[in-house]
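Undergrad: Give the three-dimensional model of this entry:
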Amino acid sequence: MPDTTSSSERADLRLETRVVAAGRPPHAPGASANAPVEFTSTYAADGPVNYARSGNPTWSAFETALGELEGGQALVHASGMGAIAAALSLLPPGGAVLVTDTTYNGTGDLVRDLEEAGTKVLRRHASDTDGFLESLPEADLVWLESPTNPLMDVIALEPILARARELGVVSVVDNTMSTPLLCRPLELGADVVVHSVTKYLSGHSDVVLGATVVADTVRGRELAGRLHRHRTLKGAIAGPMEVFLALRGLRTLALRFERACASAAELAARLEGHAAVARVRYPGSGAMLSIDVVGDAAAAERVCAATRVWFHSTSLGGVESQLERRRRHPSEAETVPDNLIRLSVGIEHVEDLWADLDRALKTALA
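TA: As a prediction, this is how the structure comes out:
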């Protein structure tokens with residue numbers, strides 16, 4: 001049973017405290033400190049849930065915790081892509097979607113599929129706030145990331161979300177890389193927040209999960225019903241063990257993210273002016289950055305292959321630092337340079353991260 005303490009009763013507590021407290025069983029004599037894993041496919045009749053494709057107490061505990069962090073109502077999905085697909089399902093038939101010209105490539109693939117099926121797609125550069133505002137009247141749904149993945153461009157969320165709300169355009173913000181510790185898009189006017197829970201929220205590279213969060217308003221509850229229906233009917237549901245692990249990982253989010261962000265800022269500063277780095281793409285906060293190395297795709301691949309501490313892999317947000325040349329994936333946007341390496345900074349000692357990366361960069365330059 002998730003925590004019955006309402007989020008309003010914790011409103012005076014900081015997020016770093018609430019991330020530890022939310023979604024736990026009620027404090028009562030003999031109560032467990034953690035929500036248990038419930039393995040079942042079916043329930044006795046006449047209860048709130050009759051079949052596990054619709055709900056599970058383990059899901060509820062995680063959803064309570066994430067909802068409190070984002071300031072809304074959360075739903076857990078089988079993967080980040082499951083959450084993205086559910087959010088894109090809010091686009092009405094024949095509608096138009098407004099997106100940045102470079103997004104996470106999984107999102108980009110789904111948008112291209114929609115475009116090929118006849119959906120009108122409007123694309124603007126992340127920094128083109130005026131372009132977004134001018135295009136919003138033509139759109140039915142606007143999809144935003146801040147920063148964008150992997151170019152690390154920062155979008156002016158507030159004016160775009162405010163205008164979308166005025167026009168009745170459904171607004172979605174992928175908050176995976178910022179986490180609710182840096183950005184709470186619902187407070188800025190977003191309708192839906194999307195997370196790849198696989199990344200920072202769970203934080204240990206051991207689960208694949210996603211989540212959507214909506215505001216606790218009349219409009220938000222209507223959207224929540226549609227998202228829940230999509231999850232239930234499409235069958236993209238999460239396993240209870242994965243959700244349990246994600247909730248356990250969530251407890252240390254503040255500590256992990258604080259360390260990773262501090263190291264990312266230090267590394268970004270040291271990479272500026274490095275002989276093997278043509279450009280540093282750092283949004284000014286967070287634990288992610290990208291670099292354009294001097295040379296071509298082969299040079300970037302040599303850097304990735306030469307590291308010992310950094311893990312050459314395609315994901316992000318784990319306790320281990322990860323790096324990858326993004327254009328090695330055929331579906332990556334052509335706006336991403338061939339020599340761009342995305343860096344996800346973990347919680348290792350920053351001096352070890354720097355020594356390993358500096359050596360790898362010098363190896364590639366040589």
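Undergrad: C-alpha coordinates for the longest helix along the chain, PDB please?
TA: Taking residue count as the measure and DSSP state H as the definition, the longest helix of the chain comes out as helix 253-271. Listed next in PDB are the C-alpha coordinates belonging to helix 253-271 (Å, rounded to 0.1, in the frame of the first residue of the first chain):
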ATOM      1  CA  LEU A 253      18.200  10.500  -7.100                       C
ATOM      2  CA  ALA A 254      19.100  13.700  -5.300                       C
ATOM      3  CA  LEU A 255      22.500  12.500  -4.200                       C
ATOM      4  CA  ARG A 256      23.400  10.900  -7.500                       C
ATOM      5  CA  PHE A 257      22.200  13.800  -9.500                       C
ATOM      6  CA  GLU A 258      24.000  16.400  -7.400                       C
ATOM      7  CA  ARG A 259      27.300  14.600  -7.700                       C
ATOM      8  CA  ALA A 260      26.900  14.000 -11.500                       C
ATOM      9  CA  CYS A 261      25.900  17.600 -12.200                       C
ATOM     10  CA  ALA A 262      28.900  19.000 -10.300                       C
ATOM     11  CA  SER A 263      31.200  16.700 -12.200                       C
ATOM     12  CA  ALA A 264      29.600  17.600 -15.500                       C
ATOM     13  CA  ALA A 265      30.100  21.300 -14.900                       C
ATOM     14  CA  GLU A 266      33.700  20.700 -14.100                       C
ATOM     15  CA  LEU A 267      34.300  18.600 -17.100                       C
ATOM     16  CA  ALA A 268      32.600  21.100 -19.400                       C
ATOM     17  CA  ALA A 269      34.900  23.800 -18.200                       C
ATOM     18  CA  ARG A 270      38.000  21.700 -18.700                       C
ATOM     19  CA  LEU A 271      37.000  20.600 -22.200                       C
END
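Undergrad: What helices and strands are in contact with that helix?
TA: Helices and strands in packing contact with helix 253-271 are listed as helix 15-21, helix 179-182, strand 277-281, strand 288-293, helix 350-365; criterion 3 or more CB pairs under 8 Å, 6 or more residues apart in numbering; DSSP states H and E. From N, CA and C alone the C-beta is placed, and that goes for glycine too.
Undergrad: Need the winner for burial among those.
TA: The densest packing among the helices and strands packed on helix 253-271, expressed as mean neighbour count by mean count of other CB atoms under 10 Å, is seen in strand 288-293 with a mean of 24.
Undergrad: Show me what it pairs with in its sheet, parallel or antiparallel.
TA: strand 277-281 (antiparallel), strand 340-344 (antiparallel) (DSSP bridges).
Undergrad: Which one of those strands lies nearest to residue 174?
TA: For these, distance to residue 174 was read as CB to CB. The smallest value, 15.2 Å, belongs to strand 340-344.
Undergrad: got a list of what residue 152 touches?
TA: With contact taken as CB atoms under 8 Å, 6 or more residues apart in numbering, residue 152 is in contact with 281, 282, 283, 288, 289, 290.
Undergrad: now these in JSON lines, with pLDDT and distance to residue 103?
TA: As requested, the contacts of residue 152 are exported to JSON lines (pLDDT from 0 to 100; distance: CB to CB, whole Å):
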{"residue": "281", "pLDDT": "98", "distance to residue 103": "15"}
{"residue": "282", "pLDDT": "98", "distance to residue 103": "19"}
{"residue": "283", "pLDDT": "98", "distance to residue 103": "15"}
{"residue": "288", "pLDDT": "98", "distance to residue 103": "15"}
{"residue": "289", "pLDDT": "98", "distance to residue 103": "18"}
{"residue": "290", "pLDDT": "98", "distance to residue 103": "14"}
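Undergrad: Do you have the strands of this protein handy? List them.
TA: In the chain, the strands defined using DSSP state E lie at 73-77, 96-100, 120-124, 141-145, 170-174, 192-196, 210-214, 277-281, 288-293, 311-312, 322-325, 340-344.
Undergrad: Please produce JSON lines containing those strands, extended by distance to residue 10.
TA: Formatted as JSON lines, the strands of the chain follow (distance: least, CB to CB, whole Å):
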{"stretch": "strand 73-77", "distance to residue 10": "16"}
{"stretch": "strand 96-100", "distance to residue 10": "35"}
{"stretch": "strand 120-124", "distance to residue 10": "38"}
{"stretch": "strand 141-145", "distance to residue 10": "28"}
{"stretch": "strand 170-174", "distance to residue 10": "24"}
{"stretch": "strand 192-196", "distance to residue 10": "19"}
{"stretch": "strand 210-214", "distance to residue 10": "17"}
{"stretch": "strand 277-281", "distance to residue 10": "36"}
{"stretch": "strand 288-293", "distance to residue 10": "29"}
{"stretch": "strand 311-312", "distance to residue 10": "36"}
{"stretch": "strand 322-325", "distance to residue 10": "33"}
{"stretch": "strand 340-344", "distance to residue 10": "30"}
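Undergrad: between those, which one is nearest to residue 352?
TA: Among the strands of the chain, if distance is taken as CB to CB, the winner is strand 311-312, at 13.0 Å.
Undergrad: any idea of the mean pLDDT for the closest one?
TA: Averaging pLDDT along strand 311-312 gives 98.
Undergrad: That one - contacts with which helices or strands?
TA: Under the contact criterion of 3+ CB pairs under 8 Å, 6+ apart, the helices and strands touching strand 311-312 comprise strand 322-325.
Undergrad: ok, now with 10 Å
TA: Using 3 or more CB pairs under 10 Å, 6 or more residues apart in numbering; DSSP states H and E as the contact definition, the elements that strand 311-312 packs against are helix 297-306, strand 322-325.
Undergrad: would TSV of the ones you listed with distance to residue 263 and mean pLDDT be doable?
TA: TSV is the format used below for the helices and strands packed on strand 311-312 (distance: least, CB to CB, whole Å; pLDDT from 0 to 100):
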stretch	distance to residue 263	mean pLDDT
helix 297-306	18	97
strand 322-325	13	98
